[in-house]
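Enquirer: need a 3D model of the sequence below.
(chains A and B, ligands or ions: 1)
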Amino acid sequence: MADADATADADANANLTEYVTLVSNDGFEFKILRSAAYLAGAIKNSLKPTYGFKEGSENRVDLPTINGVVLEKVCEYLYYNQKHAESKDVPDMEIPPELCLELLIAADYLDV
Amino acid sequence: MEGNSSPRFSGAHFPSSPPFHPRLHNLEPTSSEPATSPPLFSSDDPPDEADISNYESPRRKRKYQGAWWTSDGTELPARRKRTKLSRAMCLDSGCWMGSNDSEYGDSERAEPVDTMPSMEVENLAEHIKRATKDMSAGEAMLYQHVREGIERNETAYVLTRLYITDTEIRHLGALDQVIKPPPDPGADVPAEEQYRSMVPEIYINLSNNKLFHLEPSLFTIQHLTRLVLRFGNIHELPPQFLQLRNLTELDLNFNKLTCLPAEIIPLLAPHGKLERLQVTGNPLLHMTRSYDRLLASCDDFHLSRSPNENMTDQKTLEHFRSVALPEAIAAGADQHSIVAFWDAIKAFEVRTFNSDPPSYHRSHINNIPLGSELTRPELIFIASTSISYYNQAGQRLPRSAKCPQTEDDDFDYIVRMTDKTAGPRTYGAPATWFEPSPRTYVRSLSSMCFNRSLKYDSPAEVAAALDGDMPVQVEAMLKAANENLETQFQALRKCYCCGRQYAVVAAEWVEFWASNHDRENHTDFLPVKVQVCSWGCVPDELAAKP
Ligand SMILES: [Zn+2]
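Expert: Numbering: from 1, shown residues only, chains lettered A, B, ... in the order given. Sure thing, here's the model as predicted:
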């Protein structure tokens, strides 16, 4: 399934940038590796050029429900996940208690 | 299963009525016979149990310090106490009922123990009266047994037919205070007495009560060695059983169990001390498959004849153990036939199969096998079902196998036997195989956040904090957390394979282990359920297509 998607993406747009930008509701911008960003289902979908969203052409995703502090943590997770995809015995990422629930809502929204 | 066999629940293996043994140290020296096992330190005892003072010479006795609730242990006239004590013990938990529970004596036990004109006993009676004021009759009875038992270091507690519920047995945790009293001071002390263990061996019988999930305090009684839970409503054993490392006998006959938790494996002999595990009369999952395939694989050897006539030549035996038996199990031979095969092999050549448990069980097993090669109880990994995988909301991935729930369910299982000479073999792998990709060990950010939040708050608090803003997936996670609270006494489980805490099961499977812990010289197949926190926690040997 993932392979089919990749092929479709490659066919549709060969000039994808290596990095994409995630924008929080308070205006913070996070430049992040496209491959890492794709680990979040919702981000991946909105960046699909085939869908014709402006996000796809601008390589930029506005996230109006997520603030900068939370989004930074999301990006940290995306890199953490990418780095440890193959490994075992990795400790869980540190999450400050006060951020747990907000991050939970964001994670659920982003499907990550 | 085996409904027609003669009842196996006679309590014949319990020692029948041990001699009366006064448990206070200051009685006449005539009755010094120990009520519990031989007065020796066992090398199997965990080191933390060893009371170093027992090795000192001359030995210092641990003095009875008085009642548990008071520190001014005023000594009582020995005579009086003895008379009093023997009456009390005949009436209540001191009696060992030989059979499944105490059919008799309930009415007698219900009689209040008459109080003695002594400060200590009056205080205890008063305390019990006050503490049990708002309790049900059964709970009050249990409380009284526990408190009086602690006072005299009683080790046997028969608490049957009290109609008590799970929460009402919470007082049992106090039994962790029971110590084994030192020998009578006036008695002739033989040399070995010097090394007498102070570790009590606690026996609790909770048969015929209204128990569904048990209660966490039960698992804090570290010297609980024998536990009887017959005729209950237990559907699932909590993983906290793993804490009962000193359990030697566990009687679960006539409950509602379909499986045992993986945590039972490290407890079972030869890896642990649990030598007797009775599970008759439970709707346990069992391996069954089409009988035709079984018959085909049975043609080569002759079931009806005794093993001695049958398998005198090495070649037949070789075939029997390395091909026919695994095939028969894979084909779903009924339990009787498999057991007959198994026993035949054992009769001819013991220990054909490698009994080392799979690696993910080994990490829970910290002592070397107990007993010699020949007397050792048998516990051998035989087969496992296909893995059931779930998403983070606990929904099964559609292409993964359904985990069997009831004894009537039809399910695939793969026989995985490691022949000592031929190495690992698998039989009966299903035609379709599913393994999620990637089979990641890293958990989703949602699960991580959810698990983390439950470290600080209860599921109810999390639900309240998210009120009005509750995503569907989080609602499902909360449901799982609440179920954990009910069956495991805590919102988060502990992953059997990686040890991380988690709320929603990510994968599970059932294993079948050959075991003779129910009846000596008779093999049964124990179903054991393993649950893990991520797809990556499924051991590679089980996840990969055979
Ligand atoms: Zn795990």
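Enquirer: what stretches of the stretch 1-150 of chain B score poorly on pLDDT?
Expert: B:1-122 (pLDDT under 70).
Enquirer: that should have said chain A, apologies.
Expert: A:1-15, A:49-57.
Enquirer: longest single helix anywhere in it?
Expert: Taking DSSP state H as the criterion, chain A has its longest helix at helix A:68-84.
Enquirer: contacting residues around that one?
Expert: A:22, A:24, A:26-28, A:30, A:32-33, A:35-37, A:39-40, A:63, A:66, A:90, A:93, A:95, A:99, A:102-103, A:106-107, A:110, A:112, B:440-442, B:445, B:448 (Cβ atoms under 8 Å, 6 or more residues apart in numbering or on different chains). No exception for glycine: its C-beta is placed from N, CA and C like everyone else's.
Enquirer: how far does that helix sit from the chain's center?
Expert: Here helix A:68-84 is found 8 Å from its chain centre; the criterion is Cα atoms, centre = their mean, to the nearest Å.
Enquirer: immediately after it, which helix or strand?
Expert: Downstream of helix A:68-84, the first helix or strand assigned by DSSP states H and E is helix A:100-110.
Enquirer: ok now that following helix, how far from the chain's centre?
Expert: That offset, for helix A:100-110, works out to 13 Å (Cα atoms, centre = their mean).
Enquirer: how about A:Thr17, what does it touch?
Expert: A:Thr17 neighbours (Cβ under 8 Å, 6+ apart): A:Arg34, A:Asn59.
Enquirer: now, which of the contacts of helix A:68-84 lie within strands?
Expert: The strands, defined by DSSP state E, take in A:Leu22, A:Phe30, A:Ile32, A:Leu33 from the contacts of helix A:68-84.
Enquirer: selecting buried members of the residues you listed in ChimeraX, what would you type?
Expert: This is how ChimeraX selects the buried members of the ones in strands among the contacts of helix A:68-84, with burial counted by 16 or more other Cβ atoms under 10 Å in any protein chain shown:
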select /A:22,30,32
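Enquirer: let's have the ones in strands among the contacts of helix A:68-84 in CSV, adding distance to B:Glu483.
Expert: Shown next, in CSV, are the ones in strands among the contacts of helix A:68-84 (distance: Cβ to Cβ, whole Å):
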residue, distance to B:Glu483
A:Leu22, 36
A:Phe30, 37
A:Ile32, 37
A:Leu33, 38
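Enquirer: which bits of the stretch 301-450 of chain B sit near chain A?
Expert: Residues of the stretch 301-450 of chain B lying near chain A by Cβ under 8 Å from any Cβ of the partner chain: B:Ser437, B:Pro438, B:Thr440, B:Tyr441, B:Val442, B:Arg443, B:Ser444, B:Leu445, B:Ser446, B:Met448, B:Cys449, B:Phe450.
Enquirer: and of those residues, the nearest to B:Tyr143?
Expert: For those, the residue nearest B:Tyr143 by Cβ to Cβ is B:Phe450; the value is 38.4 Å.
Enquirer: quick one: the closest one and B:Gln473 touch, right?
Expert: No: between B:Phe450 and B:Gln473 there is no contact under Cβ atoms under 8 Å: 9.0 Å.
Enquirer: okay, those two: which has more neighbours?
Expert: B:Phe450 (31 against 22; other Cβ atoms under 10 Å in any protein chain shown).
Enquirer: residue contacts, the closest residue to B:Ala429 other than its chain neighbours?
Expert: Once flanking residues are discounted, B:Ala429 sits nearest to B:Pro546: 4.3 Å by Cβ to Cβ, 6 or more residues apart in numbering or on different chains. Neighbour list for B:Pro546: B:Ile414, B:Arg416, B:Thr426, B:Ala429 [criterion: Cβ under 8 Å, 6+ apart].
Enquirer: buried ones in the strand or helix carrying the first one?
Expert: Right, B:Ile414. Counting by DSSP H and E, the element that carries B:Ile414 is strand B:413-419. Neighbour counts using 16+ other Cβ under 10 Å place B:Tyr413, B:Ile414, B:Val415, B:Arg416, B:Met417, B:Asp419 of strand B:413-419 among the buried residues.
Enquirer: mind checking how far the second one is from B:Lys545?
Expert: Shown here: B:Ile414 relative to B:Lys545, a distance of 10 Å by Cβ to Cβ, to the nearest Å.
Enquirer: swap in the third one?
Expert: B:Val415 sits 15 Å away from B:Lys545, taking Cβ to Cβ as the criterion.
Enquirer: find the closest residue to the ion in the stretch 251-400 of chain B.
Expert: B:Tyr360 (9.8 Å; Cβ to the ion).
Enquirer: assign that residue to helix, strand or coil.
Expert: Secondary structure, DSSP: H, G, I helix; E, B strand; the rest coil: B:Tyr360 is helix.
Enquirer: ok, it to B:Leu397 distance?
Expert: Applying Cβ to Cβ, the value for B:Tyr360 to B:Leu397 is 21 Å.
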